[in-house]
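>>> Give me coordinates for this.
(2 chains)
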Protein chains: 2
Amino acid sequence: MNVGLLDADVYGPSIPHLFGIKQKPDIADNNKINPILKAGVNLMSMGFLIDEGRPVIWRGPMLSKALFQMTYGVNWCFNDRELDILIIDTPPGTGDIHLTLATKYLIDGVIFVTTPQLLAVKDTIKSIEMFSELGIPIIGIVENMSYFLESTGLKKDVFGKNKTKLAELECLARIPLMESIAQAEYIDNSIFSLKDCFSELAFAVKTFIEN
Amino acid sequence: MNVGLLDADVYGPSIPHLFGIKQKPDIADNNKINPILKAGVNLMSMGFLIDEGRPVIWRGPMLSKALFQMTYGVNWCFNDRELDILIIDTPPGTGDIHLTLATKYLIDGVIFVTTPQLLAVKDTIKSIEMFSELGIPIIGIVENMSYFLESTGLKKDVFGKNKTKLAELECLARIPLMESIAQAEYIDNSIFSLKDCFSELAFAVKTFIEN
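From the prediction side, this is the model:
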């Protein structure tokens, strides 16, 4: 599978940090930007185009322009292979980026990520409602910081248990709050200890796309 | 001290939930909105004006208008007492709300709140840079989810230790990740177990204002 990952969080892009990427992307002959291939994934992020550590002080309409640039202005098939799937990672909310994505792009499905904290789940339910109203298919929900594993092996539901059930969506995966992940400088071997969580998620997405 | 708290997170207002407020605010004779007084604080939130659970699907420019409404359109002195301090709680980022606040309002000082996770601290540094460049005074930083207290009493630095030092700001308070707080339905007695953290913060802010 040929996978692309687009980091649509303009104010806090995380892909350069998480994938440990310092270089700038190349510009192709067709004047489009080549994504950066790492860990088998074609990556694009606003963080590639701006200086690290510099704030992006933009008002809303600029966000939609940046999104357009990062989708249509990127050479997603530069390895002579069409993308099978493009994952767009957005910040939370129901603002410019979400509205533009939902109305100007053909989205196959949305996955919502939230901690089980009641306040966070309530906000997520609002986002779910927005995408539903706009007729975008919904794949399910991922519980992040789902529980904390104490030194003794005790599983603590720090943010409460089963709160994401309130969103009435299928829970695709539960990602624990782990020191090895939370403190990882970038995606490294520690992520593979979560192989099971992510396989479950990948399988659910694959099944959704095929049906 | 007469304190006002304005929840400027239009997409995910937290004040109605945290203060357990279900009623709508009154409109005064001067056509301004009266804040809701609870726990000794004059409260205003976009969540008071919209139906709970309904998403606010707005583009950026609407955000600045809502902010204007929630500042100048609110009867902040309705108890015949001038406010001594108005705290404006914003979502993270360097977008419309932040830019409008920094350029159209007279801000006495900014406090940044972040977890100690490196990725979050990096984003916070960008916000700090934005407010610095715009000449807004900076009070300091608050470490949220600073550490987790295990059942055994062991203090675990889940997101790493001293990462907020990278922001080169005075740390005003460290708020632990506690089940009692994380799972609280609204602000209740559990918050008072953190009295020490918050007194330290309040003292630092008071000192900053007086100097």
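>>> Can you tell me the element the residue of chain A most remote from its centre falls in?
For chain A, the residue at maximal distance from the C-alpha centroid (C-alpha atoms, centre = their mean) is A:Thr152, at 31.9 Å. Per DSSP states H and E, A:Thr152 falls between elements, in no helix or strand.
>>> residues contacting it?
B:150-152 (C-beta atoms under 8 Å, 6 or more residues apart in numbering or on different chains). All C-beta atoms are positioned from the backbone trio N, CA, C, and that covers glycine.
>>> And for A:Asn34?
Contacts of A:Asn34 by C-beta under 8 Å, 6+ apart are A:25-28, A:74-75, A:78.
>>> tell me the centre residue of chain A?
Central residue of chain A (C-alpha atoms, centre = their mean): A:Asp89, at 2.9 Å.
>>> wait, it sits on A:Val10?
No - counting by C-beta atoms under 8 Å, A:Asp89 does not reach A:Val10; the two are 11.5 Å apart.
>>> got any ranges where chain A has weak pLDDT?
A:186-193 (pLDDT under 70).
>>> Quick one: the strands in it, in order.
Under the criterion DSSP state E, chain A carries strands at the ranges A:3-7, A:36-38, A:41-45, A:85-89, A:110-114, A:138-143, A:148-149, A:155-156, A:171-174.
>>> what's the most buried one of the ones you listed?
Sort these by mean neighbour count, taking mean count of other C-beta atoms under 10 Å in any protein chain shown, and strand A:41-45 sits at the top with a mean of 23.
>>> is that one up against chain B anywhere?
No - judged by C-beta under 8 Å from any C-beta of the partner chain, strand A:41-45 stays clear of chain B, getting no closer than 12.8 Å.
>>> Which residues are in contact with A:Met46?
A:7-10, A:13, A:56, A:66, A:70.
>>> Tell me how many other residues surround the nearest residue to A:Lys122 once chain neighbours are set aside.
Excluding the flanking residues, the one nearest A:Lys122 by C-beta to C-beta, 6 or more residues apart in numbering or on different chains is B:His17, at 6.4 Å. When neighbours are counted by other C-beta atoms under 10 Å in any protein chain shown, B:His17 registers 21.
>>> Equivalent analysis for the one 3 residues further on, please.
Per other C-beta under 10 Å, the neighbour tally for B:Gly20 reads 13.
>>> same check, this time on A:Thr100
If you count neighbours by other C-beta under 10 Å, A:Thr100 ends up with 20.
>>> Residue in chain A with the shortest distance to chain B?
Closest residue of chain A to chain B, C-beta to the nearest C-beta: A:Gly60 (2.0 Å).
>>> can you pull the contacts of that residue?
Applying C-beta under 8 Å, 6+ apart, the residues near A:Gly60 are A:95-96, B:59-61, B:63, B:95-96.
>>> filter the residues you listed to the buried ones?
The neighbour count (16 or more other C-beta atoms under 10 Å in any protein chain shown) marks A:95-96, B:59-60, B:63, B:95-96 as buried among the contacts of A:Gly60.
>>> Quickly name whichever of those is closest to A:Phe112.
A:Gly95 (15.4 Å; C-beta to C-beta).
>>> if we can go back for a sec, Throw the contacts of A:Gly60 into CSV and include distance to A:Asp157, thanks.
Listed next are those as CSV, based on distance: C-beta to C-beta, whole Å:
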residue, distance to A:Asp157
A:Gly95, 30
A:Asp96, 34
B:Arg59, 37
B:Gly60, 37
B:Pro61, 41
B:Leu63, 34
B:Gly95, 33
B:Asp96, 36
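>>> Let's see which of the residues you listed end up in helices.
The helices, defined by DSSP state H, take in A:96, B:60-61, B:63, B:96 from those.
>>> I figured A:Phe112 was touching A:Val142, is that so?
Yes - counting by C-beta under 8 Å, A:Phe112 touches A:Val142, with 7.2 Å between them.
>>> got any residues that touch both of the two?
With C-beta under 8 Å, 6+ apart as the test, A:Phe112 and A:Val142 reach no residue in common.
>>> circling back to that earlier point, okay, the strands of chain A in TSV with distance to B:Lys161 next?
Shown next, in TSV, are these (distance: least, C-beta to C-beta, whole Å):
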stretch	distance to B:Lys161
strand A:3-7	27
strand A:36-38	28
strand A:41-45	28
strand A:85-89	28
strand A:110-114	26
strand A:138-143	26
strand A:148-149	17
strand A:155-156	20
strand A:171-174	26
